[in-house]
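**Q** Next one to model:
(2 chains)
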Amino acid sequence: MIFGRVRGVAISTLKYPDLAGCRLLVVQPLNSKLEPVGSLQVAVDVVEAGEGDLCVMARSREAALALPDVKFVPVDLALVGLVDELQVRPDGEFDFTLKAGTARYS
Amino acid sequence: MIIGKVTGTVVTTLSHAAFKHRRLLVVQPLTLPGEQPSGDFIALDSTQAGVGDTVLVNREGNGARQVLANPDAPVTSVIVGIVDSLTIPSLD
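**A** Numbering: from 1, shown residues only, chains lettered A, B, ... in the order given. Here you go, the predicted model:
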């Protein structure tokens, strides 16, 4: 799952029938430092997000599962959570390199 | 599955029902010596892991749904273990 920021709304009148009633939002995928990753994408909204909201997004098959009723729809990105609070430790706080030999982590 | 470190916590009050009573954590995959860490992601916690813990993460939706015992959970990555120690004889 990844972060995304809602940038706008996509309106589509003619779409796959099972997608009727689904809100489509234009989102910018972000990394954990909230820097943009890649270009704008369209996601289905299941949490009533609005413009500017920071969200958790699910990709691929799991995005379709997020929809409340129909689970087999052509959807590959869905907003599944609204972020209220995010705490990420700064760079350099942890060592992310695997070490040869035995490393204890507890 | 991959090994990563928990670097942060995400708080969501409004979210899909499958996320209720579970914590969302930011995970950074461990890298080989000399590589820059990249590609961190959000995972659902099923093990009471905390920030700084080295964890085992399942990054596959079907496995995640089995762990959560919910066939409709929109979850792709779930923390399934806390790593106590690793033994890797060489990293060539």
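**Q** so what secondary structure elements neighbour the top strand by length along chain B?
**A** The strand that spans the most residues within chain B, counting by DSSP state E, is strand B:2-15. Where contact means 3 or more CB pairs under 8 Å, 6 or more residues apart in numbering or on different chains; DSSP states H and E, strand B:2-15 is packed against strand A:54-59, strand A:77-88, strand B:24-29, strand B:54-58. Any C-beta I mention is one placed from the backbone N, CA and C, and that applies to glycine too.
**Q** what's the closest of these to residue B:37?
**A** Proximity to residue B:37, assessed across those by CB to CB, is greatest for strand B:24-29 (5.5 Å).
**Q** Can you list the strands that the closest one pairs with?
**A** Strand B:24-29 sits in its sheet next to strand B:2-15 (antiparallel), strand B:41-45 (antiparallel), going by DSSP bridges.
**Q** mind putting those strands in a markdown table, mean pLDDT included?
**A** Formatted as a markdown table, the strands paired with strand B:24-29 follow (pLDDT from 0 to 100):
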| stretch | mean pLDDT |
| --- | --- |
| strand B:2-15 | 91 |
| strand B:41-45 | 92 |
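**Q** which one of the ones you listed is the most hemmed in?
**A** Mean neighbour count (mean count of other CB atoms under 10 Å in any protein chain shown) peaks for strand B:41-45 among these, with a mean of 24.
**Q** and the angle for that strand with strand A:77-88?
**A** 90 degrees (axes from the mean of the first three to the mean of the last three CA atoms, to 10 degrees).
**Q** so residue A:6 sits in a strand?
**A** Yes - in this structure, residue A:6 lies within a strand as judged by DSSP: H, G, I helix; E, B strand; the rest coil.
**Q** per-residue pLDDT, it?
**A** Here, the pLDDT recorded for residue A:6 equals 94.
**Q** repeat for residue A:20
**A** With respect to pLDDT, residue A:20 scores 85.
**Q** before we move on, what about residue A:41?
**A** pLDDT, residue A:41: 93.
**Q** now it: how far from residue A:83?
**A** Residue A:41 is 17 Å from residue A:83, where distance means CB to CB, to the nearest Å.
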